[in-house]
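In: Fold the following for me, if possible:
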Amino acid sequence: MASTTPVRGAAPAGLTTLPDGTLLLDAVRKDPIAWLGAGHVARWGADSMILVKLLDAGQRLPVHAHPDDAFAATELASAHGKAEAWFILEPGDVYLGLRADIDRAGLARLVRTQDTTTLLRLLNKVAVAKNDSVTVPPGTLHAIGKSVLLAEVQQPSDLSILLEWEGFAVDGAAEGHLGLGFDRALEAVNIQATAPRQIGDLVRRAALEGPALPTFTKAWFRLDRTTSSAGYGPGFAIIIATEGSSRLISTAGTLNMAKGTTAVVPAATGPITVKTDGAALIARPPAA
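Out: Numbers count the residues shown, from 1 in each chain. Below you'll find the predicted structure:
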């Protein structure tokens with residue numbers, strides 16, 4: 001949603017088209033200050049700095065990880081790695097980080113032999129409830145269970161290192177290593193355990209009102225939730241009405257939003273207020 005990020009190697013797939021038929025990417029490039037704000041453009045140029053998705057897996061997704069900014073820049077000439085965070089809309093299980101350290105040779109062997117049973121058992125299995133949030137730092141191995149519906153905010157890239165593909169409709173052997181070969185791609189994966197204390201820092205229970213994510217994520221993106229009324233200053237924003245009826249109010253007028261409606265808001269709209277009798281999510285890039 002509100003995507004200026006194409007599917008890797010398959011542009012224009014993945015790009016959002018505005019109601020007038022214009023690609024959002026082209027609109028932002030044509031007038032970045034109107035869309036993103038002067039401060040944002042001064043710091044990051046015409047880069048929206050955020051990508052938002054609604055994800056309904058339908059099946060457990062394969063174990064994978066994403067590179068950080070430094071690896072993406074050095075190895076892939078990419079402006080972004082991929083940190084991401086999930087706001088849980090329907091409950092289930094997710095897998096987050098390793099339960100114990102593993103050496104890279106052992107991890108590579110699991111990938112090469114597609115020993116997915118062992119691979120999945122190595123990960124922390126975490127039951128998540130509606131309105132929980134989960135932060136996934138770059139390099140962290142993770143997977144999403146089949147019953148989970150979530151809203152995802154992430155850095156605007158499409159870079160995934162796929163460790164599992166047996167039984168999934170993807171050619172992981174060819175595509176899972178980002179063209180680097182698995183020996184090099186797996187260097188981007190965190191092979192140290194994610195301890196229970198760290199899981200507690202990454203999984204926020206019942207993120208009901210206000211900021212939905214830990215403070216450290218503000219370097220990557222911002223995500224808020226309101227169940228009543230909340231105001232926000234000028235800036236690029238993506239609003240998702242997740243429950244009940246919502247209204248997006250600005251000097252440009254009022255937009256009524258039924259459950260499931262998404263709105264992309266340019267910075268030139270000015271300050272906005274989101275009012276709801278249910279719940280709404282407000283996703284924004286990092287503050288300039």
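In: Dump the C-alpha coordinates for stretch 71-83 into PDB.
Out: In PDB, the C-alpha atoms belonging to stretch 71-83 read as follows (Å, rounded to 0.1, in the frame of the first residue of the first chain):
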ATOM      1  CA  PHE A  71      25.100  -5.100   3.600                       C
ATOM      2  CA  ALA A  72      22.500  -3.900   1.100                       C
ATOM      3  CA  ALA A  73      24.700  -0.900   0.200                       C
ATOM      4  CA  THR A  74      27.900  -2.900  -0.100                       C
ATOM      5  CA  GLU A  75      26.700  -6.100  -1.800                       C
ATOM      6  CA  LEU A  76      23.500  -5.000  -3.600                       C
ATOM      7  CA  ALA A  77      24.000  -1.300  -4.300                       C
ATOM      8  CA  SER A  78      20.700  -0.700  -2.500                       C
ATOM      9  CA  ALA A  79      19.800   2.400  -0.600                       C
ATOM     10  CA  HIS A  80      18.000   0.300   2.000                       C
ATOM     11  CA  GLY A  81      18.200  -3.000   3.800                       C
ATOM     12  CA  LYS A  82      15.000  -4.200   5.400                       C
ATOM     13  CA  ALA A  83      13.800  -3.700   8.900                       C
END
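In: Buried residues in that stretch, which are they?
Out: Using 16 or more other CB atoms under 10 Å as the test for burial, stretch 71-83 gives 71-72, 75-76, 78, 80-83. In short, each C-beta sits where N, CA and C put it, glycine included.
In: For it, what is the distance to the chain centroid?
Out: 16 Å (CA atoms, centre = their mean, to the nearest Å).
In: could you give the mean pLDDT of that stretch?
Out: Averaging pLDDT along stretch 71-83 yields 97.
In: repeat for stretch 231-240
Out: 98.
In: ok, now stretch 168-178?
Out: Mean pLDDT, stretch 168-178: 94.
In: cool, stretch 214-222 as well?
Out: 98.
In: ditto for stretch 195-208
Out: 95.
In: re the thing from before, just the closest of the buried residues of stretch 71-83 to Lys275, please.
Out: Checking the buried residues of stretch 71-83 against Lys275 by CB to CB gives Ala83 as the nearest, at 30.2 Å.
In: Thanks again, I'm all set now.
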